[in-house]
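>>> My questions are about this predicted structure, shown below with the sequence.
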Number of protein chains: 2
Amino acid sequence: MKKIVNEPTDYVDEMLDGMVAAHSELRRLDGTDVIVRADVPTDDVAVVSGGGSGHEPTHAGYVGDGMLAGAAAGAVFTSPTADQLAEMIQAADGGAGVLCVVKNYEGDVMNFDTSAEMAELEGVDVRQVVVDDDVAVEDSLYTSGRRGVCGTILVHKCAGAKAAAGGDLDEVERVAEKVVENVGTMGVAFTSCVTPEKGEPTFELAEDEIELGIGIHGEPGVERTETMAADEVADTLLDAVLDDLDVESGEEVVTIVNGMGGTPLSELYIVQRRVAERLDAEGIDVHDAWVGDYMTSLDMMGCSVTVCRVDDELTELLDAPAETPALTVRE
Amino acid sequence: MKKIVNEPTDYVDEMLDGMVAAHSELRRLDGTDVIVRADVPTDDVAVVSGGGSGHEPTHAGYVGDGMLAGAAAGAVFTSPTADQLAEMIQAADGGAGVLCVVKNYEGDVMNFDTSAEMAELEGVDVRQVVVDDDVAVEDSLYTSGRRGVCGTILVHKCAGAKAAAGGDLDEVERVAEKVVENVGTMGVAFTSCVTPEKGEPTFELAEDEIELGIGIHGEPGVERTETMAADEVADTLLDAVLDDLDVESGEEVVTIVNGMGGTPLSELYIVQRRVAERLDAEGIDVHDAWVGDYMTSLDMMGCSVTVCRVDDELTELLDAPAETPALTVRE
């Protein structure tokens, strides 16, 4: 197994200790796999998230000023427990309530539901928004409906900025839902991911094969096909997302070309070039374009393309200052 | 070949177009593979760099406010030509002179020398600093002396901050040399990189083998050994660097755990955990710890550990604001 690990069973624990060691603005809640801001709770609405590990920097990498107040890490590709989520929600709450950003997987949805009930019993005002931006498949492995993938980061950014600007829980929830309604993503795998526990590929892909519509846990996509050139990859992913969102000429969007963990940044920029060229040709305005590893699948080679339709409210929130391990926006 | 590319011969060209498409603060000099700040030249000293492609975000990812004024991209793992470097130097100069940050490879050193002579003929005041932070080997493939690797990023940051603070060319050069004298790095490969032109591994490593002291172009390291656990990897790299720098208890350092391109962030944090634990045990103060992909080798799995001894002057420069595609520091 070509991994830089100690005992696979210590993977998440040691990773979280490393994050906190590198980022003094983060704190690990004692006895949990929950990362919170060292300075929470504040008076602001707390936006929190969580999910299985293996998608770093998601989610703990987005904890910080202007984004998340907390993030819970489950085992690799496994939902955090309801107990841990409830501890996070209570720790993050500063009295103005908590918005949970949940990727649409059955385990995550179930455990966030339970944790919300637990926290409400303790007097916390809790809301949830479920992100289901993956346009590739309905009712996949682990999901009813569509999967939540890289578009989730835009929900973190907008909801976190709204909270930092003093928005109340209704407003923060509304903004988060607005992103969810306007964002779509599709991914492709060039190789499988390898989980630390199993130590071998989750699925097999031949040397000349790729899988379109792949999930971030290696769940099946929509089509296994021959390797494509970068431009065809970009076109295929972008077409699927634009078609789903029904984006029209003259509208404004933000895009993400996201790496799955094992693909170098140089290749993501090659995809970005084509995405930008295509949007320009279609008369779609690009407010901002993010390129990098935002929502990964361990060491998988591949990428995803995210498009989010934006208006003045969302662009202002996306441009607002933030300071987290994985994303910093200056004033 | 598991790469997201079009024609391998278009790799650098398309990557640079993608960078500029994503970052409106960057501009590509017409007819070149040089990226400059859209707003240069300014009155500040210009700090520039360059080298072969395949190490992204190095170097163009560090072009921006508070770091580099320009970066030239050669073909993959190949020095930029002297002509391109000279064009960069002249475009970046705002009248206060230009400091070239050069990684110590024979081609880079030779071409930067020639380009400096060319720019001086045009009246530009040019200085050079050569970075040779790799403690693993002397006189490797492509080098006389030690190789320049991830420590180069700290030179960009400190020299760029000094220039942005209004330092003159002497001061900017002095600060850059100070970093070079105090920084060391050592890397390890778990897999080989694959160049787009060749499409197959640059070197062979068995499934249970790693190579210590690897170069960022796949040049030979110091030892090929059995796969190690993450803590042993961290100890081996850190010991070599601390020994070379002769860092003592009570001194202050900045560290980088750098990914080679194909290793997920989660594993880098596992290494970071051990690096932090070791430095703490040895009574060495850590001012800041960077974890991520800063100086890569295409899709190589592996990492490097960088340590830089710092004083008040260097910490102030490292903490100064910057805004580049790959590194943003808030006020």
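Cool, got the structure.

>>> I'd like the next helix or strand past the helix or strand hosting A:Thr306.
In this structure, A:Thr306 sits in strand A:302-310 according to DSSP states H and E. Sequence-wise, the next helix or strand downstream of strand A:302-310 (DSSP H and E) is helix A:312-319.

>>> now could you export just the CA positions of stretch A:251-262 as PDB?
Coordinates of each C-alpha in stretch A:251-262 appear next as PDB, following Å, rounded to 0.1, in the frame of the first residue of the first chain:
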ATOM      1  CA  GLU A 251     -26.300  34.700 -16.600                       C
ATOM      2  CA  GLU A 252     -23.400  34.900 -14.100                       C
ATOM      3  CA  VAL A 253     -21.700  31.900 -12.500                       C
ATOM      4  CA  VAL A 254     -18.900  30.800 -10.200                       C
ATOM      5  CA  THR A 255     -17.000  27.600 -11.200                       C
ATOM      6  CA  ILE A 256     -14.800  25.100  -9.500                       C
ATOM      7  CA  VAL A 257     -12.400  22.700 -11.200                       C
ATOM      8  CA  ASN A 258     -11.800  20.400  -8.300                       C
ATOM      9  CA  GLY A 259      -9.100  17.800  -8.000                       C
ATOM     10  CA  MET A 260      -9.900  14.400  -6.500                       C
ATOM     11  CA  GLY A 261      -6.600  14.100  -4.600                       C
ATOM     12  CA  GLY A 262      -4.200  12.300  -6.900                       C
END
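
>>> quick check, that stretch touching chain B?
Yes: Stretch A:251-262 lies within reach of chain B by CB under 8 Å from any CB of the partner chain, at A:Val257, A:Gly261, A:Gly262. Bear in mind the C-beta positions are built from the backbone N, C-alpha and C, glycine included.

>>> Centre of the chain to that stretch, how far?
11 Å (CA atoms, centre = their mean, to the nearest Å).

>>> Which parts of the stretch 151-300 of chain A are strands?
Here the stretch 151-300 of chain A has its strands, by DSSP state E, counting those that start in this stretch, at A:183-189, A:209-212, A:223-226, A:252-259, A:285-292.

>>> Turn those strands into TSV, including mean pLDDT.
Output for the strands of the stretch 151-300 of chain A, formatted as TSV (pLDDT from 0 to 100):
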stretch	mean pLDDT
strand A:183-189	98
strand A:209-212	97
strand A:223-226	96
strand A:252-259	98
strand A:285-292	98
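
>>> which one of those strands has the most crowded surroundings?
Of all the strands of the stretch 151-300 of chain A, strand A:183-189 has the most neighbours on average by mean count of other CB atoms under 10 Å in any protein chain shown, namely a mean of 29.

>>> What's the mean pLDDT across the strand holding A:Thr306?
Across strand A:302-310, the average pLDDT comes to 98.

>>> now do stretch A:167-178
98.

>>> What parts of the stretch 1-150 of chain A come near chain B?
So the stretch 1-150 of chain A meets chain B at A:1-6, A:11, A:14-19, A:21-22, A:53-54, A:56-57, A:61 (CB under 8 Å from any CB).

>>> Can you tell me which of those are buried?
By neighbour count, with 16 or more other CB atoms under 10 Å in any protein chain shown, those hold A:2-6, A:11, A:14-19, A:21-22, A:53-54, A:56-57, A:61 as buried.

>>> and A:Phe231, how many neighbours?
No Phe there; residue A:231 is Asp. A:Asp231: 19 surrounding residues under other CB atoms under 10 Å in any protein chain shown.

>>> That one touches B:Glu7, doesn't it?
No: counting by CB atoms under 8 Å, A:Asp231 does not reach B:Glu7; the two are 10.2 Å apart.

>>> So which bits of the strand holding A:Thr306 are buried?
A:Gly302, A:Cys303, A:Ser304, A:Val305, A:Thr306, A:Val307, A:Cys308, A:Arg309, A:Val310.

>>> Tell me the helices and strands packed up against it.
helix A:169-182, strand A:183-189, helix A:230-245, strand A:252-259, helix A:265-281 (3 or more CB pairs under 8 Å, 6 or more residues apart in numbering or on different chains; DSSP states H and E).

>>> how far out from the middle of the chain is the third one?
When you say that, I think you mean helix A:230-245. Centroid separation for helix A:230-245 versus its chain: 19 Å, with CA atoms, centre = their mean.

>>> which residues sit against that helix?
Contacting residues not belonging to helix A:230-245 are listed as A:135-136, A:182-188, A:210, A:212-213, A:228, A:267, A:270-271, A:274-275, A:278-279, A:282, A:284, A:303-307, A:309, B:4-6, B:14 [CB atoms under 8 Å, 6 or more residues apart in numbering or on different chains].

>>> Sheet partners, orientation included, of the strand or helix carrying A:Val102?
Element membership for A:Val102 (DSSP H and E) is strand A:98-103. Taking DSSP bridges as the criterion, strand A:98-103 pairs within the sheet with strand A:46-53 (parallel), strand A:126-131 (parallel).

>>> tell me the angle the first one makes with helix A:169-182.
Yep, that's strand A:46-53 we're talking about. 40 degrees (axes from the mean of the first three to the mean of the last three CA atoms, to 10 degrees).

>>> again with the last one
On the basis of the same axes, to 10 degrees, strand A:126-131 is oriented at 10 degrees to helix A:169-182.

>>> can I get the CA coordinates of stretch A:36-52 in PDB?
Written as PDB, here are the backbone C-alpha positions of stretch A:36-52 (Å, rounded to 0.1, in the frame of the first residue of the first chain):
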ATOM      1  CA  VAL A  36     -14.000  23.900  16.100                       C
ATOM      2  CA  ARG A  37     -12.700  27.400  15.900                       C
ATOM      3  CA  ALA A  38     -10.400  28.100  18.900                       C
ATOM      4  CA  ASP A  39     -12.500  31.300  19.500                       C
ATOM      5  CA  VAL A  40     -16.000  29.900  19.300                       C
ATOM      6  CA  PRO A  41     -18.700  30.300  20.300                       C
ATOM      7  CA  THR A  42     -19.300  33.900  19.100                       C
ATOM      8  CA  ASP A  43     -22.600  35.700  19.000                       C
ATOM      9  CA  ASP A  44     -23.000  34.800  15.300                       C
ATOM     10  CA  VAL A  45     -25.100  32.000  13.900                       C
ATOM     11  CA  ALA A  46     -22.800  29.000  13.800                       C
ATOM     12  CA  VAL A  47     -22.500  27.200  10.400                       C
ATOM     13  CA  VAL A  48     -21.200  23.600  10.900                       C
ATOM     14  CA  SER A  49     -20.700  20.600   8.700                       C
ATOM     15  CA  GLY A  50     -19.200  17.100   8.800                       C
ATOM     16  CA  GLY A  51     -19.000  13.800   7.100                       C
ATOM     17  CA  GLY A  52     -16.700  10.900   6.500                       C
END
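
>>> so how far is it from its chain's centroid?
Counting by CA atoms, centre = their mean, stretch A:36-52 is centred 16 Å from the centre of its parent chain.

>>> Kindly report the same for stretch A:275-286.
Counting by CA atoms, centre = their mean, stretch A:275-286 is centred 24 Å from the centre of its parent chain.

>>> Report the angle between the strand holding A:Thr306 and strand A:285-292.
Using the same axes, to 10 degrees: strand A:302-310 against strand A:285-292 is 150 degrees.

>>> mind listing what strand A:302-310 pairs with, with the direction of each?
Here strand A:302-310 has these sheet partners by DSSP bridges: strand A:183-189 (antiparallel), strand A:252-259 (antiparallel).
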